[in-house]
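Student: Structure here, sequence nowhere to be found:
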């Protein structure tokens, strides 16, 4: 990947997240590791996910300095900087204020494998970031988020939103999308009387392998990109 391709990925991923309904006016962001090792590419503050283009990007160094682009970096750039610095195998990180994720996190209950999306966590609960419900505005808070996320594909940030990560850009985006969808499904079931049927850990683990390999994450991501661009969704 070249720096130009990384910038293109940030634009495309931002539009895909917007198409998935994860926009929150001008808040929320996706970051992609700079292939030259200088830091992360991320949208400049003040723009909605659907508004992102190549002129509205920043290259932010590992020390949170803007190397390319205009303005100050996002206050929460430390979410992305700390996760990507800690895990060199990761390429993409996502932070949004997805409504269903925020609502579900407020319940303080386990995320259960009652859908394909819920099986992303293999029958285990989704991690939760506990240090603060405020902004992740320092390296120390970013480090605490890294610890709570661990090796999971995504985590809830109670009183705030969600964070997701991936070895590829499609994986990072889809992990965020799948977490919110899993939360939405369980909220619906809870409102209808409560969860009575769910996958066992063994079934959930098998479902993750079958439903969410890289090829399926890529397919879901490409669908969102087509929706964002208005391209035909079927041949």
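Tutor: Here it is on my side, so go on. Predicted model, so just to flag it, every value in this text is computed and none were measured. Residues are numbered from 1 along each chain as shown.
Student: How many neighbouring residues does the closest residue to residue 24 other than its chain neighbours have?
Tutor: Setting aside the residues directly before and after it, residue 24 is nearest to residue 97 in space (Cβ to Cβ, 6 or more residues apart in numbering), at 4.2 Å. For glycine as for every other residue, the C-beta is placed from the backbone atoms N, C-alpha and C. Applying other Cβ atoms under 10 Å, we find 16 residues neighbouring residue 97.
Student: Residue 72 now?
Tutor: With other Cβ under 10 Å as criterion, residue 72 counts 13.
Student: quick one, what contacts it?
Tutor: 45, 66 (Cβ atoms under 8 Å, 6 or more residues apart in numbering).
Student: Is it in a helix, a strand, or coil?
Tutor: What DSSP: H, G, I helix; E, B strand; the rest coil gives for residue 72 is coil.
Student: how much space between it and residue 197?
Tutor: From residue 72 across to residue 197, the span is 49 Å (Cβ to Cβ, to the nearest Å).
Student: ok so, going back, before we move on, what's the pLDDT of the residue nearest to residue 24?
Tutor: pLDDT for residue 97: 98.
Student: Do I have it right that it meets residue 26?
Tutor: No. Using Cβ atoms under 8 Å, residue 97 makes no contact with residue 26, being 11.0 Å away.
Student: which ones are touching the residue nearest to residue 24?
Tutor: Contacts of residue 97 by Cβ under 8 Å, 6+ apart are 22, 24, 27-28, 160-161.
Student: Same check on residue 185?
Tutor: Applying Cβ under 8 Å, 6+ apart, the residues near residue 185 are 114-115, 117-118.
Student: Of those residues, which is the most crowded?
Tutor: Highest neighbour count within those: residue 118, with 26 neighbours (other Cβ under 10 Å).
Student: For residue 75, see how far away the residue nearest to that one when sequence neighbours are not counted is.
Tutor: Nearest non-adjacent residue to residue 118, counting by Cβ to Cβ, 6+ apart: residue 182, 4.2 Å away. Relative to residue 75, residue 182 is positioned 28 Å away (Cβ to Cβ).
Student: got it, and residue 49?
Tutor: 17 Å.
Student: Those two: which is more packed in?
Tutor: Using other Cβ under 10 Å, the more surrounded residue of residue 49 and residue 75 is residue 49, with 26 against 13.
Student: State the pLDDT value of the more buried one.
Tutor: What the model reports as pLDDT for residue 49 is 98.
Student: And for residue 12?
Tutor: 98.
Student: ok so it is a helix residue?
Tutor: Yes. Judged by three-state DSSP, residue 12 forms part of a helix.
Student: so how far is the helix or strand hosting residue 182 from its chain's centroid?
Tutor: In this assignment (DSSP states H and E), residue 182 forms part of helix 169-191. From the chain centre to the centre of helix 169-191 is a distance of 10 Å (Cα atoms, centre = their mean, to the nearest Å).
Student: try stretch 192-209
Tutor: 22 Å.
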